[in-house]
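Visitor: Just a sequence and a predicted model for now, questions to come.
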Amino acid sequence: MRVKAIALLSGGLDSSLAIRLMLDQGIEVEALHFVSIFNATAPEKPSLLRPLRVARQLGVPLVPMRFTAEQLALLRDPAHGFGSQMNPCIDCHMAMLRLAAERMRETGAQFLVTGEVLGQRPMSQRSFVLHQIAKDTGLGGLILRPLSAKLLPPTIPEEKGWVDRERLLDIYGRSRKRQLELARHYALTEHGSPAGGCLLTDPGFAARLRDYFGHLAGAEPDLNDLHLLKYGRHFRLDAATRVIIGRVHRENVTVYTFSRPADLLLTTRDAPGPTALLRCATVGLSDRAAEAESARLGKPAVALLRGSESDEHIRTAAALTARYSKLRAQPLVAISVTPGRSHPGPASRVIEVAPSEDAAADERRIGA
């Protein structure tokens, strides 16, 4: 009988090695990669690029599975709580395993494989937590963790003789020495950083996400907003209004790309500098509702505020833009203000402002 396993593949080293160990024992493997807006990948590289390269080097098929919606639902109230930041690791992993189990049943595979290492992560990879995950997901002994299998109770694949337990490993803890040695042994070159990554564990991103959720006022999270949380410096002007300022050219392009007709874009007129996005949901409106209202009236959402409040926000955003430009030492800086992408409204206007003081900028800044 040909034995098949479904393996969770992040694209990192541990999951790559887990699959390699299964292939060594003649197990047919199908890899699943969970695609999420919270995957920590370099901005210029699509999140699927690394897993695709790893799967190709291993010689296994890769099936991408969308996971953002499941994560957003978990972030509202994870049953097992958060880690050090906004990371509901235990609940996320259980959700992945449940989806993997569905794929297992659909394809006739016999068990699941993960790259987890006992004692590596303080929240989700302790022995009693792994046992609880197996119990709560109803998967019991169908989850094989090849890198630490000898430190854990035998699983069904081992008991049935599908997998030789003696050829599995007993890796424990946070050191990656043995994994790196195995990577060299197997000539695995396409894996990413051994530690992998999830933006929900990043303190700066977590702070911005926490602030964003705290000001949704009952609205659903917006994917455009969530993408923007990954880039630039973020500032909150009031409960409905934020400024995002690009730090490098790539982020300036991203800020422009994600701008909407209801937004305002700010740039320095007389020298290269950052691109800033001023986004306002207006009081009592979600970002989507504000965009619809903006389109109806032919004005950016900021202009839907009371006149003095609108002008104040625009000048504050302009001062922040000047602060992070090469003209920050000038007494006054000319800032071009234009509507966001695809807005049918008027052309840009220019206002002159004094660059924001450091203390004022720091007071409004969200996260790092």
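Guide: Great, that's in hand. Numbering: from 1, shown residues only.

Visitor: can you give me the strands for this protein?
Guide: Applying DSSP state E to the chain gives strands spanning 4-8, 28-35, 62-66, 111-113, 143-144, 233-238, 241-245, 264-268, 276-280, 333-339, 349-353, 365-366.

Visitor: can you redo those strands as TSV with mean pLDDT?
Guide: Below are those laid out as TSV (pLDDT from 0 to 100):
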stretch	mean pLDDT
strand 4-8	98
strand 28-35	97
strand 62-66	96
strand 111-113	98
strand 143-144	96
strand 233-238	96
strand 241-245	95
strand 264-268	95
strand 276-280	93
strand 333-339	94
strand 349-353	95
strand 365-366	96
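
Visitor: how about the helices in the stretch 251-368 of the chain?
Guide: In the stretch 251-368 of the chain, the helices defined using DSSP state H, counting those that start in this stretch lie at 287-297, 307-323, 358-364.

Visitor: now swap in the stretch 51-200 of the chain and tell me
Guide: Counting by DSSP H, counting those that start in this stretch, the helices of the stretch 51-200 of the chain are 68-76, 89-107, 127-137, 156-159, 177-186.

Visitor: other SSEs contacting the third one?
Guide: The helices and strands touching helix 127-137, judged by 3 or more Cβ pairs under 8 Å, 6 or more residues apart in numbering; DSSP states H and E, are helix 89-107, strand 143-144. All C-beta atoms are positioned from the backbone trio N, CA, C, and that covers glycine.

Visitor: what's the angle from the longest one to helix 127-137?
Guide: What it means is helix 89-107. Using axes from the mean of the first three to the mean of the last three Cα atoms, to 10 degrees, the inter-axis angle of helix 89-107 relative to helix 127-137 is 50 degrees.

Visitor: pLDDT weak spots in this protein?
Guide: Applying pLDDT under 70 to the chain flags the ranges 41-47, 122-124, 192-196, 282-309, 343-347.

Visitor: Find the centremost residue of it, please.
Guide: Nearest to the mean C-alpha position of the chain, by Cα atoms, centre = their mean, lies residue 38 at 1.5 Å.

Visitor: what's it sitting at in phi/psi?
Guide: phi -100, psi 10 (degrees, to the nearest 10).

Visitor: quick one: it from residue 272, how far?
Guide: Taking Cβ to Cβ, to the nearest Å as the measure, residue 38 and residue 272 are separated by 32 Å.

Visitor: Then residue 69?
Guide: For residue 69, the distance to residue 272 - Cβ to Cβ - is 39 Å.

Visitor: likewise residue 336?
Guide: Counting by Cβ to Cβ, the gap from residue 336 to residue 272 is 13 Å.

Visitor: Which one's more surrounded, the two?
Guide: Neighbour count, other Cβ atoms under 10 Å: between residue 336 and residue 272, residue 336 has more, with 17 against 11.

Visitor: which residues does that one bridge with?
Guide: As for beta bridges, residue 336 partners with residue 267, residue 350 under DSSP bridges.

Visitor: swap in residue 29?
Guide: Beta bridges link residue 29 to residue 5, judged by DSSP bridges.

Visitor: Tell me how many other residues surround it.
Guide: Neighbourhood size, residue 29 [other Cβ under 10 Å]: 22.

Visitor: Domains in this protein, by residue range?
Guide: Domain segmentation of the chain under automatic domain parsing yields 4-199, 202-366.

Visitor: For residue 86, list the residues it contacts.
Guide: Residue 86 makes contact with 75, 200, 205-206, 209-210, according to Cβ atoms under 8 Å, 6 or more residues apart in numbering.

Visitor: out of those residues, which are buried?
Guide: Among those, those that count as buried by neighbour count (16 or more other Cβ atoms under 10 Å) are 75, 200, 205-206, 209.

Visitor: quick one: which of those residues is nearest to residue 321?
Guide: For the buried ones among the contacts of residue 86, the residue nearest residue 321 by Cβ to Cβ is residue 205; the value is 22.2 Å.

Visitor: Please tell me how far the closest one sits from residue 279.
Guide: For residue 205 relative to residue 279 (Cβ to Cβ), the value is 18 Å.

Visitor: Residue 241 too?
Guide: According to Cβ to Cβ, residue 241 and residue 279 sit 7 Å apart.

Visitor: So these two - more neighbours on which side?
Guide: Set residue 241 next to residue 279 and count neighbours by other Cβ under 10 Å: residue 279 wins out with 27 against 24.

Visitor: quick one: the more buried one and residue 242 touch, right?
Guide: Yes - with contact defined as Cβ atoms under 8 Å, residue 279 reaches residue 242; the gap is 5.3 Å.

Visitor: which residues touch the residue nearest to residue 178 when sequence neighbours are not counted?
Guide: Spatial nearest neighbour of residue 178, excluding adjacent residues (Cβ to Cβ, 6 or more residues apart in numbering): residue 171 at 5.4 Å. Residue 171 makes contact with 117-118, 147-148, 178-179 under the criterion Cβ under 8 Å, 6+ apart.

Visitor: Residue 209 now?
Guide: Contact analysis of residue 209 by Cβ under 8 Å, 6+ apart lists 75, 86, 200, 226, 229.
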